[in-house]
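In: Following is a predicted model, sequence given first.
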Amino acid sequence: MMLSLDFAKRLGQVDIVAKFDVDAKAAALYGPSGAGKSSLINMIAGLIKPDRGHIAIRGETVFDSEARINVPAHQRNVGYVFQDGRLFPHMTVRSNLHYGRRMHRLPQDQAAEDRVVALLNLGNLLTRRPGNLSGGERQRVAIGRALLMQPRILLLDEPLASLDSARKAEVLPYFERLRDESGVPLLYVSHSADEIRRMAAVVVRVADGKAFGVEDAAGLIA
């Protein structure tokens, strides 16, 4: 099972409630801006603690309020790609790629690095700094950094939202290659039905902080 969730959290005046099981290589959370999608994946990642319930990632319980289990974010082995990439501007692309691996004290694996660089077509960018990259290039570097952490799951939070139409068309095929070739399960978050139909096998709708049940992404209508 990729994900098994049943939790609730009060955030301000909104109740975030999720209950679903997902067993797919690529799944998605779908809903309008402000629906609670980012809050939900922040709880999966361990950045926000639910008030009650449980979360299991690929069979391992990372949160259980009754059993008093709350695995810290840095120990959940979750890759997270934000809307804006969040690269370190003073570092080269190569240094940014290795940052997560070093923080998790993983040994350098040149073969894995070569695969990621080839997968995301980063070879000609390695000596450049983020300020000299396009938005699409920055997102590809952010994905590579997450992959080199050897995550058990990759969370992609509206990864194309900050890009214009041309850059979205440029980057989306890389996400499809990521899904098909990386071997890492994906949870893709978006308010775009078109993106989700291309990226995911199954989808969970999120509305007013509520996320229940799973449906076939191919039949998703905005």
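Out: Nice, thanks for sending it over. Numbers count the residues shown, from 1 in each chain.

In: Name the residues of stretch 124-131 that are buried.
Out: By neighbour count with 16 or more other Cβ atoms under 10 Å, stretch 124-131 contains the buried residues 125, 129-130. Every residue, glycine included, has its C-beta placed from N, CA and C.

In: What about those residues, which are in strands?
Out: Among the buried residues of stretch 124-131, no member falls in strands (DSSP state E).

In: right, and out of these, which lies closest to Asp164?
Out: Of all these, the one with the least separation from Asp164 (Cβ to Cβ) is Pro130, at 17.9 Å.

In: Pull up the gap between that closest one and Met2, please.
Out: 31 Å (Cβ to Cβ, to the nearest Å).

In: cool, and Ile196?
Out: Using Cβ to Cβ, Ile196 is found at 16 Å from Met2.

In: And those two? Which one has more around it.
Out: More crowded of Ile196 and Met2, by other Cβ atoms under 10 Å: Ile196, with 23 against 20.

In: and Phe7, bridged to which residues?
Out: The partner list for Phe7 in beta bridges (DSSP bridges) reads Ala18, Gly53.

In: list the contacts for the residue most central in space within the chain?
Out: The chain has Leu155 as the residue nearest its centroid, 1.4 Å off, counting by Cα atoms, centre = their mean. Going by Cβ atoms under 8 Å, 6 or more residues apart in numbering, Leu155 touches 41, 44-45, 78-81, 187, 189.

In: Take the residues you listed and keep only those in strands.
Out: Among these, DSSP E puts 78-81, 187, 189 in strands.

In: which of those lies closest to Leu172?
Out: Val81 (13.6 Å).

In: Can you tell me how far the closest one is from Leu178?
Out: Counting by Cβ to Cβ, the gap from Val81 to Leu178 is 10 Å.

In: what is in contact with the two at once?
Out: Taking Cβ under 8 Å, 6+ apart as the contact criterion, the residues that touch both Val81 and Leu178 are 143, 154.

In: what's the closest non-adjacent residue to Asp216?
Out: Val202 (6.4 Å; Cβ to Cβ, 6 or more residues apart in numbering).

In: could you list every residue that touches the one you found?
Out: By Cβ under 8 Å, 6+ apart, the contact list for Val202 reads 22, 24, 27-28, 214-217.

In: can you check Phe88 too?
Out: Phe88 neighbours (Cβ under 8 Å, 6+ apart): 95-96, 99, 130.

In: Could you do Glu181 as well?
Out: For Glu181, counting by Cβ under 8 Å, 6+ apart, the contacting residues are Leu119.

In: hmm, back to that, can you add distance to Pro173 and give the contacts of Phe88 back as a markdown table?
Out: Formatted as a markdown table, the contacts of Phe88 follow (distance: Cβ to Cβ, whole Å):
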| residue | distance to Pro173 |
| --- | --- |
| Ser95 | 26 |
| Asn96 | 22 |
| Tyr99 | 25 |
| Pro130 | 22 |
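
In: Compare those residues and tell me which has the most neighbours.
Out: Most surrounded of the contacts of Phe88: other Cβ under 10 Å gives Asn96, at 24 neighbours.

In: Perfect, that will be all.
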